[in-house]
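Student: Whatever this is, show me its structure:
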Amino acid sequence: MDQIEERLLEEVADLHGVPEGAYNIRANGQMAGRNTTANIDIATKTDKPGIDIRIKPGTKHESVHIPVVLSASGLKEVVYNDFYIGDDADVVIVAGCGIHNCGVQDSEHDGIHRFFVGRNAKVKYVEKHYGEGEGTGKRILNPGTEVYMEENSLMEMEMVQIRGVDSTIRTNKAQLAAGAKLLVRERLLTHGAQTAESVYDVELNGDDSSADVVSRSVAKDRSRQVFKSNIIGNAKCSGHTECDAIIMDDAKIVAVPGLVADNIDAALIHEAAIGKIAGEQIIKLMTLGLTEEEAEAQIVNGFLK
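Tutor: Purely as a prediction, here's the structure:
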């Protein structure tokens, strides 16, 4: 891999070399490296682009890295990755995509990830997206995630868009059995004329299942964001969805809540707060010696952590 691709890996997967444990690294539409372990197997799909990741029941304290980098202008691909997490496993999965586009053609990566989470399993999933390059071609990322959770499983999802992505539609679906718990923390930054749409559809099908979906975002310049959340309570369950956003310049943010209670014991909540940075926050930081731009950046960076 060249220096550009190595830097993209640092941005989206915090990798400064070959990761420990299982990994599959994809660069410009080709596999750039792979490793499996005794408990985690990675196999190339035979019917379409993508991989199958199988994690044995009872696997503890292991990780899987599956980052993607694009540095060739005009490259467009769709990749399908399926994860099969065995009962009682406890693992970390790190994905993400970085695009460097210095050309005039659009570059696009669409990743479709499906997770089949076994009983009592725990999964932490981290997905980061990043774009850069001086070309006029766009950097486009359209991730799709489907999560199927069995009884008493736990899935934590950290969904991050760092910067530089011109267009993204992020679709997420989840179905939870009894006692399953889903935690989503989305962090999103748009600037320039970028557009971003996040869609979450969560079905709480089993008793005592729960979901907490929170999006924190910043929209700058002329960028546009849409956050759509739909939680359906089909059993005795609890669901919470929240949009917490900062709007700047001529940007626009739309939050569209959807709550459906199909059970008398379904407790569902939606919250939304969208507003500009308070002037007193900037003034307070400027008294410490920061310029207005530095104070603004400090507030944004702290908000998205």
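Student: Distance check, the nearest residue in space to N39 that is not next to it in sequence against I42.
Tutor: Closest residue to N39 in three dimensions, ignoring its sequence neighbours and counting by CB to CB, 6 or more residues apart in numbering: T59, at 4.2 Å. C-beta: built from backbone N, CA, C; applies to glycine. With distances taken as CB to CB, to the nearest Å, T59 is found 14 Å from I42.
Student: Next: G111.
Tutor: Per CB to CB, G111 is found 15 Å from I42.
Student: ok, these two, which is more surrounded?
Tutor: In terms of neighbours (other CB atoms under 10 Å), G111 is the more surrounded of G111 and I42; the figures are 23 against 19.
Student: residue contacts, that one?
Tutor: With contact taken as CB atoms under 8 Å, 6 or more residues apart in numbering, G111 is in contact with V68, V78, V79, N81, A95, C97, L141, P143, G144.
Student: Please report phi then psi for it.
Tutor: Geometry field for G111 lists phi and psi as phi -110, psi 120, criterion degrees, to the nearest 10.
Student: which residues does it bridge with?
Tutor: V79 (DSSP bridges).
Student: swap in C237?
Tutor: In beta-bridge terms (that is, DSSP bridges), C237 pairs with S209, A266.
Student: Now do it: how many residues are near it, please.
Tutor: Burial of C237, expressed as a neighbour count using other CB under 10 Å, amounts to 28.
Student: wait, it sits on A261?
Tutor: No - C237 is not in contact with A261 according to CB atoms under 8 Å; the separation is 9.2 Å.
Student: Now do the shared contacts for those two.
Tutor: Common neighbours of C237 and A261 (criterion: CB under 8 Å, 6+ apart): none identified.
Student: Tell me the gap between the strand or helix carrying I93 and the middle of its chain.
Tutor: Following DSSP states H and E, the helix or strand that holds I93 is strand 90-94. On the basis of CA atoms, centre = their mean, to the nearest Å, strand 90-94 sits 14 Å off its chain's mean C-alpha point.
Student: Just want to check the distance between D208 and C237.
Tutor: D208 sits 7 Å away from C237, going by CB to CB.
Student: Can you tell me, leaving aside adjacent residues, what's nearest to E271?
Tutor: Closest residue to E271 in three dimensions, ignoring its sequence neighbours and counting by CB to CB, 6+ apart: E242, at 4.4 Å.
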